[in-house]
Every structure is written in structure tokens, then in C-alpha cells.
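Asks: kindly return the folded structure for what I paste below:
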Amino acid sequence: MRFEGQSIQCSMLDGGIVELRFDLQGDSINKFNKATLTELGEALALIKADPGVKGLLVTSGKDCFIVGADVTEFVDYFKNPEDQLVAWILDVHKLFSTVEDFDFPTVTAINGFALGGGLEFALTTSYRVLSSSAKIGFPETKLGIFPGWGGTVRLSREIGRAHV
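Replies: Below you'll find the model as predicted:
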């Protein structure tokens, strides 16, 4: 099993473990832009269809994990009618839920920043391992935007009611 895109690469490691590596070519950071989300859907479909997959390791080829959604694309999304905006949010949420619903163990290795959608995606895996330099958070709330891809629910499940 192999997938080579402009922002995502997948390869089978020993023991049936797939490494899904975010590495947006031509940029110093990883972000969820339209192209990355499309590639993620393609890569996840291949992983889901492969009966030999025993686990998933999500990594980054950059000095940070994923800094979130590409906010420069928001202007175009926000020009759409509300039903189209909601459909886009739900499509990404379904994509992320694909990882959450895998029936094998999944792990995200977080280095540097995992912000906004990056943290939301990391929360879809069974486990997360953070480097000593890792920083996580939902900075979109400072823009008046809530984490719309399931992050608020997933984070609450992980940290418990006492910390919400």
C-alpha cells in the first residue's frame, strides 16, 4: 500500500502498520487546505480498503505537526450559502471520523504545533505522543470560530468533565 501526494504520503511499515505522513510540499508548515483534505480522503480510502493494515501511525515531515485549516481559504467558504458551508464542515468531520472509526490502533506523533484542525485531527486517533516541544490548542476561538470538525467533543472525552 502506497500513496504519494503533494501533501500526504502513505507507506506500509513492518507488521502491517501504515505511516500517514503530512508533508505539504512547497510550504514550511502543514495545513488543511482543499488539496490536503482531498488527498487525506484518498489516502484514508486506500487504508480502509487494505485488509493487511494492522495499525496507523500519523506523522509530520515538518518541524510542526499541523497548524490547522488554511484560513486564507475561509473567505471563499464564507461567501457560500449557509447550507454549503455546513456541508463542507460536515464533510471534513466525516473524513476525520473515518480515522476515529478504524478498528485497529491509531497513533499520532505530535512535534511542534498541533493547532486548530491539526489538534482536531490528532484527537481522532486512539493515542497521541507529544515531543517535548509540542504545543497544542484551538486558537480559532480567538477569531470567533469554534472548532467545527469534532474537536470540542473529542477533547472533552479525552480530558474529562472536570477540565472542560
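
Asks: separation between the residue lying closest to Asn33 once chain neighbours are set aside and Lys48?
Replies: Distances taken as C-beta to C-beta, 6 or more residues apart in numbering place Asp70 nearest to Asn33, at 3.9 Å, with adjacent residues excluded. Using the backbone N, CA and C atoms, a C-beta is placed for each residue, glycine as well. Shown here: Asp70 relative to Lys48, a distance of 25 Å by C-beta to C-beta, to the nearest Å.

Asks: more neighbours: the two, which one.
Replies: The residue with more neighbours, out of Asp70 and Lys48, is Asp70; 18 against 14, by other C-beta atoms under 10 Å.

Asks: from Lys31, how far out is the more buried one?
Replies: As defined by C-beta to C-beta, Asp70 lies at a distance of 5 Å from Lys31.

Asks: cool, Gln84 as well?
Replies: Relative to Lys31, Gln84 is positioned 21 Å away (C-beta to C-beta).

Asks: between these two, which is the more surrounded one?
Replies: Applying other C-beta under 10 Å to Gln84 and Lys31 shows that Lys31 carries more neighbours, namely 22 against 11.

Asks: is it true that the more buried one touches Phe74?
Replies: No: under the criterion of C-beta atoms under 8 Å, Lys31 makes no contact with Phe74, lying 11.8 Å away.

Asks: low-confidence stretches in this structure?
Replies: Counting by pLDDT under 70, the chain contains low-confidence residues at 161-164.
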